[in-house]
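> Sequence plus the predicted model coming up.
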Amino acid sequence: MTHPASPRRILLEAAILTALATGATVLILHAPATRVQHNSGLLIASIWLYLPLLAAWVKKIDFADLGLGRPPVGLSLALVGLWVLISYPPFYLAWAWVEFRYLGHTFLPTGPSGLPNLILVQTLAIALPEEFYFRGYLQSRLNLVCGRPWRLWSAQIGPGLFVTALVFMLCHLLVSASWLRVAILFPALLFGWMRERTNSLLAPVLFHALSNLTFIVAQTSLR
């Protein structure tokens, strides 16, 4: 007979996996070996994908509990579109104000080279692995410990959403320290809310990839 894991064991498991994934990512990004550097994207994506898959297999976790069930496509697309309209204008206005006023940049709209490949990389190698780990695995495991006692905009949420968003931001800061990394906290909260609202990873993956792509275009256009 399988007994449910205690809250302490769940938290320890999540902390160990997060530390392993983050540490391995830092090591890969700073590895001197040329072969490792050339395959860094694939290696890092594999870490964030396969560690939670391994945990799900060992713990016999249903994939649907990790946000991999059948997604509500219409609702997911509607939420992505809504939050693009709500959140992008104030974010990019604030970003432009800092870049132009304090950092002395100008702006010339420029598309990045290899856009189709960039879209695939940002969606499948970055947004999907990160969302599967953080919103699929980590947030779900924290929900088991903390519950979801609050309701926000038709989504049942709990402390796990906020803790996951904070850990997500801190992991990005450890990988690459920058003031912009702190701003990751806000979209991370949206990713977590979308996961709870739709019980799926489709909306957070799409919004995550779109956010990365638009920011890359914005940075490419700086002069």
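In hand now; what should we look at?

> where along the protein do the strands fall?
150-152, 155-157 (DSSP state E).

> What residues of the helix ranked longest in the chain count as buried?
If you go by DSSP state H, the chain has its longest helix at helix 73-97. For helix 73-97, burial by neighbour count (16 or more other Cβ atoms under 10 Å) applies to 75-76, 79-80, 83, 91. Every C-beta, even on glycine, is put in place using the N, C-alpha and C of the backbone.

> now do stretch 39-49
Within stretch 39-49, the residues that qualify as buried are 43-45, 47-49, counting by 16+ other Cβ under 10 Å.

> Which member of the residues you listed is positioned nearest residue 195?
Closest to residue 195 out of the buried residues of stretch 39-49 is residue 48 (15.5 Å), distances taken as Cβ to Cβ.

> Might one say that that closest one is in contact with residue 136?
No: counting by Cβ atoms under 8 Å, residue 136 is not a contact partner of residue 48; they are 10.1 Å apart.

> shaky segments in this protein?
Scanning the chain for pLDDT under 70 picks out 1-4, 34-37, 179.

> mind redoing it with 50?
Scanning the chain for pLDDT under 50 picks out the ranges 1-2.

> Output the buried residues of stretch 39-49 in CSV; the columns should cover distance to residue 162.
Listed next are the buried residues of stretch 39-49 as CSV, based on distance: Cβ to Cβ, whole Å:
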residue, distance to residue 162
43, 30
44, 25
45, 26
47, 24
48, 21
49, 24
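
> Any chance of JSON lines for the buried residues of helix 73-97, columns distance to residue 160?
Listed next are the buried residues of helix 73-97 as JSON lines, based on distance: Cβ to Cβ, whole Å:
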{"residue": "75", "distance to residue 160": "21"}
{"residue": "76", "distance to residue 160": "20"}
{"residue": "79", "distance to residue 160": "19"}
{"residue": "80", "distance to residue 160": "22"}
{"residue": "83", "distance to residue 160": "20"}
{"residue": "91", "distance to residue 160": "25"}
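
> I appreciate the help and will end here.
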